[in-house]
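S.K.: one predicted model, sequence on top.
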Amino acid sequence: MIHKQILKSQVFKLKTHQKLTYIIIYTKTDTKSQKRNKMKFTTYGERENKSILFIHGLASTADLCFKPLLPYLKDYHVIFCELDGHCAFKKGDMTSPKDSMLAIENYILKEMDKRVHCICGFSMGATLAVDLISRGKISIDKVLLDAAITIEMGWMALPFTLAFIIGTQRIKNKKPIPEFLLDKIMGKGNKSIIEMMYPQISKKTIQNACKYIYHYKIKDNLRNFRGQVLFIRGSEEPLPARGQKLLKAYLPQMKSQVFQGMGHGQFLHEHPREYAENLKKFLQT
C-alpha cells in the first residue's frame, strides 16, 4: 500500500524544431521500500494544440512505432513515452507494466493539468490505455486502441510467452523466425514486427509483460468511461479480435475497424501516412 507519493519533474532543454524532451522523475514511498522510477517523455509540436499521447508496444519503442507518423501530425501536440525496459535512458527490466501505466497517469496529472485529448496505444500500449481509462483519474476525450490484448489466455499464455521469447532472441541473433511461428502470433506474412523490435529487450521484461497482457482482466470501472473509443486491428490478428468483443460489452460506444490482410502492427509500420490520416479522421469527428 502506498502511503505517500511525491512527484517531481525536471526538464532537460533539448529543444530542436519544436521538440522538447521531458525526463519526469517520480518517487514512490511505501512501507516496505523506496523506489525511484523515471520515465522519459518527448513532446513535439505546440503545447496549445490538441494533444495525442502515444504508448508503444512490447519489445518496441516510441520512435520505432510512431515516429513515421510525425510529419502528418504537425497540427497536434504529440507526446511519446518510453516504457520501462524499452529504452537506453533507464537501464533495467520492466518489472511491472502497471508501474509504467501509473507513471503515464502521473505525467498527465501533473504536466498536462489532468487532461489529454487523445491516447493512442499499440498492442501492450493499447492494453495500458485500457487500464488508464478504467481508473478514471484523468480526462480523456478519445482513445484509439490498436490491437489491444485484453483477454485471459489461461494455459495458452505459456506457449505464447515462450514463442515471443524465442522469436525475439532469433531476431537479436539475426536468425530467421520459423514462418509458422510468425504467422501464428503476428499474422500471416507479417515482417513489420521484426523491423519494429527493440534489440535490447530482455527475457525478463518479456516474461513480466506477457504475464500482464496474457492474463488481463478487464476492470468493471471501464463501463464508466464516456469518451469516444476506436478499436483497430488487422484481419490476421486472432488475439485482438477476441479482446475487441469483450471490450464492446464494457464500452458500447466503441467503434471498430478491421484492415484486411494486415497482421500485428502491419498497418502502422507499412502505411504510416494512411494510419495518421485515419487517426486524424477519428480526432476530427
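M.R.: On my side now, so go ahead. Residues are numbered from 1 along each chain as shown.

S.K.: show me what contacts the residue nearest to the spatial centre of the chain?
M.R.: With distances taken as C-alpha atoms, centre = their mean, G125 lies nearest the centre of the chain, 1.5 Å away. Shown in contact with G125 (C-beta atoms under 8 Å, 6 or more residues apart in numbering): F54, I55, H56, G57, C65, L83, D146. Where C-beta positions appear, they are placed from N, C-alpha and C, glycine not excepted.

S.K.: what segments of the stretch 151-285 of the chain are strands?
M.R.: Applying DSSP state E, counting those that start in this stretch to the stretch 151-285 of the chain gives strands spanning 228-234, 255-259.

S.K.: low-confidence stretches in this structure?
M.R.: For the chain, the stretches with pLDDT under 70 are 1-37, 88-90, 178, 180-190.

S.K.: the same query, at a cut-off of 90, please.
M.R.: For the chain, residues meeting the criterion pLDDT under 90 lie at 1-40, 59, 84-96, 159-160, 163-202, 236-238, 263.

S.K.: in this structure T161 contacts Y214, no?
M.R.: Yes. Using C-beta atoms under 8 Å, T161 is in contact with Y214, at 6.6 Å.

S.K.: which of the contacts of G125 has the most neighbours?
M.R.: G57 (31 neighbours; other C-beta atoms under 10 Å).

S.K.: thinking again about what came up before, from N173, how far out is the residue nearest to the centre of the chain?
M.R.: 26 Å (C-beta to C-beta, to the nearest Å).

S.K.: one more: G154?
M.R.: 31 Å.

S.K.: what's the answer for V143, then?
M.R.: 37 Å.

S.K.: who's more crowded, those two?
M.R.: With neighbours defined as other C-beta under 10 Å, V143 and N173 compare such that V143 has more, 25 against 7.

S.K.: am I right that the more buried one sits in a strand?
M.R.: Yes. V143: assigned to a strand according to DSSP: H, G, I helix; E, B strand; the rest coil.

S.K.: from what I can see it touches G227, true?
M.R.: Yes. At 6.2 Å, V143 counts as touching G227 under the criterion of C-beta under 8 Å.

S.K.: identify the contacts common to those two.
M.R.: Common neighbours of V143 and G227 (C-beta under 8 Å, 6+ apart) are I133.

S.K.: could you list the paired strands of whatever helix or strand V78 lives in along with their orientation?
M.R.: Secondary structure from DSSP states H and E places V78 in strand 77-82. Note on strand 77-82: by DSSP bridges, its sheet partners are strand 34-44 (antiparallel), strand 51-55 (parallel).

S.K.: need these in a markdown table (columns: distance to R223).
M.R.: Shown next, in a markdown table, are the strands paired with strand 77-82 (distance: least, C-beta to C-beta, whole Å):
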| stretch | distance to R223 |
| --- | --- |
| strand 34-44 | 29 |
| strand 51-55 | 22 |
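
S.K.: of all those strands, which lies closest to N278?
M.R.: With C-beta to C-beta as the criterion, N278 lies closest to strand 51-55 of the strands paired with strand 77-82, at 13.0 Å.

S.K.: got a list of contacts for that closest one?
M.R.: Contacts for strand 51-55 (C-beta under 8 Å, 6+ apart): 62, 65-66, 73, 76-81, 83, 104, 108, 112, 116-122, 125-126, 128-129, 279, 283.

S.K.: let's see 6 Å
M.R.: 66, 76-80, 116-121, 125, 128-129 (C-beta atoms under 6 Å, 6 or more residues apart in numbering).

S.K.: can you name the element that comes right after it?
M.R.: helix 62-66.

S.K.: for the residue nearest to the centre of the chain, pull up the helix or strand it's in.
M.R.: Here G125 is assigned to helix 124-135, by DSSP H and E.

S.K.: same check, this time on L102
M.R.: Per DSSP H and E: helix 97-111 holds L102.

S.K.: residues of that helix that come out buried?
M.R.: P97, D99, S100, M101, L102, A103, I104, E105, N106, Y107, I108, E111 (16 or more other C-beta atoms under 10 Å).

S.K.: for N173, see how far away the residue nearest to I79 when sequence neighbours are not counted is.
M.R.: Of all residues not flanking I79 in the chain, L53 sits nearest, at 4.4 Å (C-beta to C-beta, 6 or more residues apart in numbering). Using C-beta to C-beta, L53 is found at 34 Å from N173.
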